[in-house]
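[1] have a look at this prediction, sequence included:
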Amino acid sequence: MFYLIERVYMINDELMNTIGQARRILIFSGAGMSAESGVPTFRDELTGLWEQYDPMDLATPEAFERDPALVWGWYMWRRQQVAAVEPNAGHRAIAAWQRIYPLRIVTQNVDDLHERAGSYGVVHVHGELFASHCYRCRAPHKPTALEETSEQIGQPIDPPHCKLCGGLVRPSVVWFGEALDEASLRAAIYEAENSDLVLAIGTSGLVQPAALVPQWAKDQGAQVIQINPNPTALDELCDINIRSTAAHVLPQIVE
Ligand SMILES: CC(C)NC(=O)[C@H](Cc1c[nH]c2ccccc12)NC(=O)[C@H](CCCC/N=C(/NCCC(=O)O)S[C@H]1O[C@H](COP(=O)(O)OP(=O)(O)OC[C@H]2O[C@@H](n3cnc4c(N)ncnc43)[C@H](O)[C@@H]2O)[C@@H](O)[C@H]1O)NC(=O)OCc1ccccc1
Ligand SMILES: [Zn+2]
């Protein structure tokens, strides 16, 4: 059992033993997991039209009600951004690992890079960028081809209307001030409480309640290993802090 907080910069036997002895491993990922694919993290400055906005101000129901075209345009831009990049060596290492070991994955990321790398059963606690539903009646919305290929990327774009009630369509992500999807939250709590090792990868640990996942696991006696080039709010909670990047460390763990 580790008592002192260990900061390691390379993969050592002790770390590999900890991983090797684990009965059930949970991957808990954040925006840093996709950074090396070219997807900006939430802490990174926004660019283009949105440069003048704080992401936290755009990712809210109030912003959507105030200016639905601005918010919908931002999400279409983010869809195009994610569609234009590839999973990185970190995503691929997790998918390879999941082919030989039943890893569980809970992510705060709304991108589909874990799945595009071949991972399965990914719990998206903050929703999914490429899904949409009606803001009024919550009916799922299937995008028309035209919507998907809008030339206006980088500009405000009027959101489509719900085919059932005519309401505005929104991205199926969890906005600040909104409750998490009950089933996803329940799944995240279950995975946290039933895992004996959590790998917290690329998260600042600042967004609640998702940031509690490692704590819920720790409360059940699990060990927590963090992979992050920078200090985070999770440092003290973690048994091992690997000060490096997802795409650099994960392939070394899996090889
Ligand atoms: C910011 C924080 C203070 N705010 C919250 O936590 C709020 C609650 C709250 C308000 N005021 C508060 C004051 C105190 C405490 C809490 C609050 N939470 C909410 O609003 C939640 C909803 C939160 C969900 C918001 N939606 C997202 N995403 C979807 C949208 C979208 O994407 O557009 S959150 C979004 O930001 C989060 C960003 O966090 P991280 O992933 O950690 O990324 P970050 O950029 O912060 O850090 C990146 C890290 O990676 C590292 N890194 C960089 N490169 C690499 C690399 N290469 N490798 C490894 N690591 C790397 C960096 O060092 C860094 O540490 C992600 O979760 C992402 O999904 N809802 C809710 O509370 O509802 C209530 C309620 C309850 C019941 C009923 C009704 C209402
Ligand atoms: Zn509707």
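    Alright, I've got the coordinates. Ligands and ions are numbered 1, 2, ... in the order given.
[2] grab the nearest non-local neighbour of R170.
    Of all residues not flanking R170 in the chain, Y135 sits nearest, at 4.5 Å (Cβ to Cβ, 6 or more residues apart in numbering). Backbone N, C-alpha and C define where each C-beta goes, glycine included.
[3] list the contacts of that neighbour.
    By Cβ atoms under 8 Å, 6 or more residues apart in numbering, the residues touching Y135 are 64, 162, 167-170.
[4] now with 7 Å?
    Residues in contact with Y135 (Cβ atoms under 7 Å, 6 or more residues apart in numbering) are 64, 167-170.
[5] cool, and R136?
    By Cβ under 7 Å, 6+ apart, the residues touching R136 are 162, 165, 167.
[6] which SSE is it in?
    Following DSSP states H and E, one finds R136 outside all helices and strands.
[7] for it, give me phi and psi.
    Here is the backbone geometry of R136 (degrees, to the nearest 10): phi -90, psi -60.
[8] ok, now how distant is it from E65?
    Applying Cβ to Cβ, to the nearest Å, the value for R136 to E65 is 11 Å.
[9] repeat that for S204.
    In terms of Cβ to Cβ, S204 sits 28 Å off from E65.
[10] who has more neighbours out of the two?
    S204 (19 against 11; other Cβ atoms under 10 Å).
[11] quick one: contacts for A89?
    Contacts of A89 by Cβ under 7 Å, 6+ apart are 247, 250-251.
[12] let's see that with 10 Å instead.
    36-37, 117, 245-252, 254 (Cβ atoms under 10 Å, 6 or more residues apart in numbering).
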